[in-house]
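Q: Provided below for reference: sequence and predicted model.
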Amino acid sequence: MLKPLSTFPAIIKTPRLVLRLLEPTRENAEIIFNIVEKNREYLEEWQGHFGMLHSVDDVLKKLESRHAKTAANTVMSEAISALESELFKFGFEKIILEIDAGNTKSESVAQRNGYKLEKRIPDDSYAKRVGKCDTLVYAKSHIL
């Protein structure tokens, strides 16, 4: 049974990482917006959604919309492993990763961590580097 989101741990620690839930505050939105602005050209090559972030308010709206929702190296695998452990303990039955087709490093991370490709959504995403591309939906279910 899924526990109330209010009881989800605010911090998850591994030997090398500290994962924190990013609160949707104006201060956090400003920090993210400044990082995006400094790295916009590079970021937009890989993730088209950065092109939709034109202001601090845009970032804040994105944070607020993703706040209640809960992806290429060993650090990513460690982060995913720690997060999924908490999510499954919390009561989630399935975790879904959405990856742009062609992002082979993220696909590799998903596969190494036991995620299976469930479906391919045609022309669902956009990034400057690859243009319009499919979204790959990887999933992992909790086995009780």
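A: That came through, no problem.
Q: tell me the phi and psi of residue 128?
A: phi -60, psi -40 (degrees, to the nearest 10).
Q: Confirm for me that it is in contact with residue 43.
A: No. The pair residue 128 / residue 43 is not scored as a contact, 9.4 Å apart, by CB atoms under 8 Å. All C-beta spots, glycine's among them, are computed from the backbone N, C-alpha and C.
Q: of those two, who's got more company?
A: With neighbours defined as other CB atoms under 10 Å, residue 128 and residue 43 compare such that residue 43 has more, 19 against 15.
Q: Check which helices and strands the helix or strand bottoming out on mean pLDDT in the chain sits against.
A: Lowest on mean pLDDT, DSSP states H and E among the helices and strands of the chain sits strand 18-20, with a mean of 80. Where contact means 3 or more CB pairs under 8 Å, 6 or more residues apart in numbering; DSSP states H and E, strand 18-20 is packed against strand 11-13, helix 74-90.
Q: Which stretch among those is buried most, on average?
A: By mean neighbour count, with neighbours taken as mean count of other CB atoms under 10 Å, helix 74-90 ranks first of those at a mean of 16.
Q: tell me what that helix is packed against?
A: strand 11-13, strand 18-20, strand 94-100, helix 104-112.
Q: residues making contact with it?
A: 2-3, 7-9, 12-17, 19, 70-71, 95, 106, 109, 112-113, 140, 142 (CB atoms under 8 Å, 6 or more residues apart in numbering).
Q: give me that answer again for 10 Å
A: Here helix 74-90 makes contact (CB atoms under 10 Å, 6 or more residues apart in numbering) with 2-5, 7-9, 12-19, 70-71, 92-95, 97, 105-106, 108-110, 112-115, 140-144.
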